[in-house]
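[1] got a sequence here, can you build the structure:
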Amino acid sequence: MKLKKLAVLIAAAGLSTSAFATNGYFSHGYGIKAKSMGGVGIALPQDAMAAATNPAGMALVGNKIDFGLDLFSPIRSATWTGTGTNPMNGAYMTVSAQEYKSGKNLFAVPEFGYNRMINKDMSFGVVVYGNGGMNTDYGKVVIAGATTNTYSNLEQMFIAPTIAWKINQNHSIGVSLNLVFQNFEARGLESFDNTNNTTAVGSVTNRGTDYSRGLGLKLGWTGKLTNSLTMGATYQPKTSMTRFDKYKGLFAEQGKFDIPETLGIGFAYQANDKLTVAGDVVQINYGDIKSLANNGDAFPSLAGTPMGGNNGSGFGWKDQTVFKIGMTYQYAPDLMLRAGYNYAKAPIGNTQTFFNILAPATVESHLTLGATWALANKSELTVSYMHAFNNKISGPSNGNGTCGDSIGTCPAQTRVAGHPVDLKMHQNAIGIAYGWKM
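    Below you'll find the predicted structure:
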């Protein structure tokens with residue numbers, strides 16, 4: 001394929017690359033085939049999207065192009081179950097006790113993969129894919145004191161040139177250079193845009209879309225240990241991103257929003273000539289990203305943690321361990337069936353629901369199905385379906401927040417009254433991909 005045509009396909013895939021919260025703000029999988037197996041793929045490369053999961057897999061998929069599209073529908077809401085009054089000034093945080101539903105519930109998420117064998121042992125490829133999850137558009141004021149409706153949107157695009165090598169007949173290694181681009185926008189946070197609550201007044205909300213970029217790596221290995229068993233491992237160090245300067249009063253460390261470190265291990269076991277069972281365990285270290293991990297269970301003005309500072313109030317996300325299991329079954333010579341399950345405990349706890357009105361990453365269990373049809377001219381068509389079951393995280397309703405001064409010796413009447421907010425979400429996604437061998 002000519003480089004000009006390849007550039008056009010990459011650009012097309014990058015026109016809309018927002019995905020949404022399935023494992024935190026990471027997608028449950030990358031590539032329509034992997035998505036139909038619960039996201040499994042560390043030891044089971046199946047197409048030219050393999051590098052998004054494990055770069056080493058590109059040495060095993062041959063000359064291939066894959067273009068996919070996921071139609072993703074997250075249904076999310078926040079429910080105030082009480083007044084949520086700030087004891088320092090009465091009705092500062094008071095809003096109506098009711099359910100607030102987020103709109104814009106259908107999104108198109110494209111992806112693209114290209115791989116070319118340079119020789120029999122080395123490949124070069126590129127994948128384009130996205131992450132996201134901080135997307136809410138309530139159409140109403142959900143955080144009182146605001147003059148605009150509550151809205152947020154985070155999108156991440158990865159463009160990952162990848163080189164992979166077959167070390168010998170059974171083992172491969174690979175490396176991807178991750179070119180990462182982010183954009184973010186928030187509205188309706190006027191309540192915090194003051195000297196009591198932020199280190200950078202005027203850089204909290206309603207600043208339009210801001211952009212950030214970074215450069216990172218992803219490393220991978222696969223090894224066939226027996227005729228039936230293949231193992232794999234991946235590691236992606238934390239990626240340092242440039243700051244969101246327009247929102248340096250919202251995110252900790254003056255607008256830093258880095259990509260967390262991830263590491264994973266996987267297996268694929270070929271039970272017979274038709275059935276393969278595979279599984280992955282992936283660790284996502286959200287806890288190292290201060291803008292995500294810093295506690296948000298006390299109002300900044302009371303807790304001495306104004307937003308934008310190194311210890312500024314955040315979303316209270318914890319590290320997340322993701323478990324994925326999937327299977328493929330060759331039902332007929334031209335038909336492959338797939339199924340899978342994905343589970344990860346939500347990264348937010350019930351004392352962190354207030355700030356996570358912007359990012360209600362509550363789902364934990366995912367069920368997936370899919371199939372691939374072999375077509376003429378070395379091409380194939382793949383479909384997938386994912387359902388993330390409804391999960392609710394209930395915030396405190398009787399007030400159990402943190403003491404309101406920096407030394408922890410304040411009287412009871414100035415204790416933060418807690419954030420009586422319940423968050424819930426469920427999701428559905430239908431994906432389709434077309435691929436062909438070159």
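
[2] ends of stretch 160-180, what's the gap?
    8 Å (C-alpha to C-alpha, to the nearest Å).

[3] could you list the buried residues of that stretch?
    By neighbour count with 16 or more other C-beta atoms under 10 Å, stretch 160-180 contains the buried residues 160-166, 171-176, 178-180. Placement of C-beta: from N, CA and C, glycine included.

[4] which of those residues fall within helices?
    Using DSSP state H, no member of the buried residues of stretch 160-180 falls within helices.

[5] what ranges do the helices span in this protein?
    Counting by DSSP H, the chain has these helices, from start to end: 3-13, 32-35, 252-255, 290-293, 300-303.

[6] quick one: mean pLDDT over the last one.
    When pLDDT is averaged along helix 300-303, the result is 70.

[7] what of the longest one?
    The predicted model assigns helix 3-13 a mean pLDDT of 50.

[8] ditto for the second one
    Rounded to a whole number, the mean pLDDT of helix 32-35 is 97.

[9] please apply the same query to stretch 216-225.
    Mean pLDDT, stretch 216-225: 98.

[10] list the buried residues for that stretch?
    216, 218-224.

[11] roughly how far is it from the heart of the chain?
    Averaging C-alpha positions (C-alpha atoms, centre = their mean, to the nearest Å) puts stretch 216-225 21 Å from its chain's average.

[12] again with stretch 231-240
    On C-alpha atoms, centre = their mean, the centre of stretch 231-240 falls 15 Å from the chain's centre.

[13] try stretch 366-381
    25 Å.

[14] repeat for stretch 246-263
    That offset, for stretch 246-263, works out to 15 Å (C-alpha atoms, centre = their mean).

[15] C-alpha coordinates for that stretch, CSV please?
    In CSV, the C-alpha atoms belonging to stretch 246-263 read as follows (Å, rounded to 0.1, in the frame of the first residue of the first chain):
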residue,chain,number,x,y,z
LYS,A,246,-7.3,26.3,30.0
TYR,A,247,-8.2,24.0,32.9
LYS,A,248,-5.2,24.4,35.1
GLY,A,249,-7.6,25.4,37.9
LEU,A,250,-9.6,22.2,37.6
PHE,A,251,-7.1,19.4,37.3
ALA,A,252,-4.3,18.8,39.9
GLU,A,253,-0.7,19.8,39.1
GLN,A,254,-1.8,22.9,37.2
GLY,A,255,-3.8,21.0,34.6
LYS,A,256,-1.8,17.7,34.2
PHE,A,257,-3.7,14.7,33.0
ASP,A,258,-1.2,11.9,32.2
ILE,A,259,-1.9,8.5,30.8
PRO,A,260,-1.6,5.8,33.6
GLU,A,261,0.8,3.0,33.6
THR,A,262,-0.6,-0.3,32.5
LEU,A,263,0.7,-3.9,32.6
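
[16] which parts of it are buried?
    Result for stretch 246-263 [16+ other C-beta under 10 Å]: buried residues 246-262.

[17] that older thread, any idea which of the buried residues of stretch 216-225 is closest to residue 369?
    Lowest distance from residue 369 to the buried residues of stretch 216-225 (C-beta to C-beta) belongs to residue 222, with 25.4 Å.

[18] surely residue 190 and residue 149 touch.
    No - between residue 190 and residue 149 there is no contact under C-beta atoms under 8 Å: 11.2 Å.

[19] show me the beta-bridge partners of residue 342.
    Beta-bridge pairing for residue 342 (DSSP bridges): residue 324, residue 366.

[20] hang on, isn't it packed against residue 320?
    No - look at residue 342 against residue 320 with C-beta under 8 Å: they stay out of range, at 11.7 Å.
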